[in-house]
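Chemist: Kindly return the folded structure for what I paste below:
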Amino acid sequence: FTLFPVCAGIGVSLSQGGSILGPLAFLVLFNIFNLGTRYFGLIYGYKFGGSFIEKISGGSVMQRLSEGTTLVGLMVLGVMTATMVSVPLDFVVGEGEQALTLQGIFDGIMPNLIPLLLTLGVYKVIKKGMSTTAVLFIVIGLAILGAMIGLKNIKIVNNDILTKTEVKNLSNINTGNNLFSYDIEKIKTNINKSKYIEYVKVKRRIPNSIIIDVKEKPIGCVLKDKGDNYYYVSENLCYMDKVERENIKSNCIIVESDFSIKENQIKFENNKDKEKLTSLIKYIKKDGLENKISSISFNSENKFLPV
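Modeler: Coordinates of the predicted model:
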């Protein structure tokens, strides 16, 4: 009973690293000691006879041997519990910077406390009479259930300006981790850093999905300066972002005018141009003409010329 967990620990360690030598090492090491003990036990038992049993029973040799093997066995079981029993509890408690995981809380009390409690619980139910086969299947079932709530799908809806990849990168979440290991409020904060986002909703969907519903700020138009630079602006002509010509959305009106941008603030050469353009953009969108007008520019008399 002492050699079995020792050899099993060596085999499991190799298997966790993905090596096929794990089960082979267990079988070879265990059977070297197992068959060796049987062979030499038979030889020396026949040689010394019953006098050997009387000799070691009469002194303290057998007691010391029993205590030593028990001590080694318990040490090995303790090490295996701490290093090979993994029960990650990544459930988040709290929000924002104050959020903590259950794993961190329990590790703060005592490192590897959960694996220890699980091992003691298994030992207790076996002592009460439950078969080891039933316990094994229960543990396997719990492991499968835990794996099922791992994040596998990240669904992003209602995005138009930002691509799904851009929203996912903003969220800073990845598949494969525990579904409950992510702080919903932190995901929202990360996505709201984008200039294009008005607000965002994030929901968990059992067993393995997170849904990100974004509401983007409407683009009023695209301003073009004399240097052929293009800028997304809101309906109130507030600066949103610089954009390359080939990346401009098809339904965005391009407005060529005299303006400058300083510290993300748009300043027109003529202040009345902003008021006129703001009103015009609102009328165009109200009447559904944004797909019929591709660009607007000013002529020398400072009039709008739709194209």
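
Chemist: drop to CA atoms for contacts and neighbour counts, all remaining ones
Modeler: Will do.

Chemist: how about the helices of the chain, start to end?
Modeler: 3-16, 21-48, 50-58, 61-84, 102-109, 113-127, 132-148, 164-171, 184-192, 271-286 (DSSP state H).

Chemist: Now do the first one against helix 61-84, angle only.
Modeler: Read that as helix 3-16. 20 degrees (axes from the mean of the first three to the mean of the last three CA atoms, to 10 degrees).

Chemist: Find the residue ranges of the stretch 101-250 of the chain scoring beneath the pLDDT cut-off.
Modeler: For the stretch 101-250 of the chain, the stretches with pLDDT under 70 are 101, 147-148.

Chemist: quick one: the residue positioned nearest the centre of the chain from I149, how far?
Modeler: Nearest to the mean C-alpha position of the chain, counting by CA atoms, centre = their mean, stands N177 at 3.3 Å. Going from N177 to I149 by CA to CA, to the nearest Å gives 9 Å.

Chemist: Repeat that for N291.
Modeler: 45 Å.

Chemist: and the two? which has more neighbours close in?
Modeler: I149 (18 against 12; other CA atoms under 10 Å).

Chemist: What residues does the more buried one make contact with?
Modeler: Neighbouring residues of I149 by CA atoms under 8 Å, 6 or more residues apart in numbering: 178-179, 206-208.

Chemist: I284: what's it in contact with?
Modeler: I284 neighbours (CA under 8 Å, 6+ apart): E290.

Chemist: on that earlier part again, export the helices of the chain to TSV and tack on distance to V157?
Modeler: As requested, the helices of the chain are exported to TSV (distance: least, CA to CA, whole Å):
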stretch	distance to V157
helix 3-16	39
helix 21-48	46
helix 50-58	77
helix 61-84	41
helix 102-109	31
helix 113-127	38
helix 132-148	23
helix 164-171	8
helix 184-192	13
helix 271-286	23
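
Chemist: Nearest to M240, out of those helices?
Modeler: Ranking the helices of the chain by proximity to M240 (CA to CA) places helix 184-192 first, at 13.5 Å.

Chemist: what's the closest one in contact with?
Modeler: Against helix 184-192 from outside (CA under 8 Å, 6+ apart): 95-96, 167, 170-173, 197-203.

Chemist: Okay, angle between that helix and helix 164-171 too, please.
Modeler: Orientation check (the same axes, to 10 degrees): helix 184-192 against helix 164-171 gives 120 degrees.

Chemist: Show me which residues of helix 184-192 are buried.
Modeler: 184, 186-188, 191-192 (16 or more other CA atoms under 10 Å).

Chemist: My understanding was that I212 contacts K203; is that so?
Modeler: Yes: between I212 and K203 there is a contact under CA atoms under 8 Å: 6.7 Å.

Chemist: Looking at these two, which has the bigger crowd around it?
Modeler: A count of neighbours by other CA under 10 Å puts I212 above the other of I212 and K203, at 24 against 12.

Chemist: dump the residue contacts of that one.
Modeler: By CA under 8 Å, 6+ apart, the neighbours of I212 are 154-157, 200-203.

Chemist: same thing but at 6 Å, please
Modeler: Residues in contact with I212 (CA atoms under 6 Å, 6 or more residues apart in numbering) are 156, 201-202.

Chemist: From those residues, which land in strands?
Modeler: Secondary structure from DSSP state E places 156, 201-202 of the contacts of I212 in strands.

Chemist: And the residues you listed, which of them are buried?
Modeler: Here, 16+ other CA under 10 Å leaves 156, 202 buried among these.

Chemist: Going by distance to D225, which of the ones in strands among the contacts of I212 wins?
Modeler: Once CA to CA is applied, the member of the ones in strands among the contacts of I212 that ends up nearest D225 is I156, at 34.0 Å.

Chemist: and that closest one, what is it in contact with?
Modeler: Contacts of I156 by CA under 6 Å, 6+ apart are 211-213.

Chemist: Now it: closest residue in space that isn't a chain neighbour?
Modeler: Computed as CA to CA, 6 or more residues apart in numbering, the closest residue to I156 that is not its neighbour in sequence is I212, at 4.8 Å.
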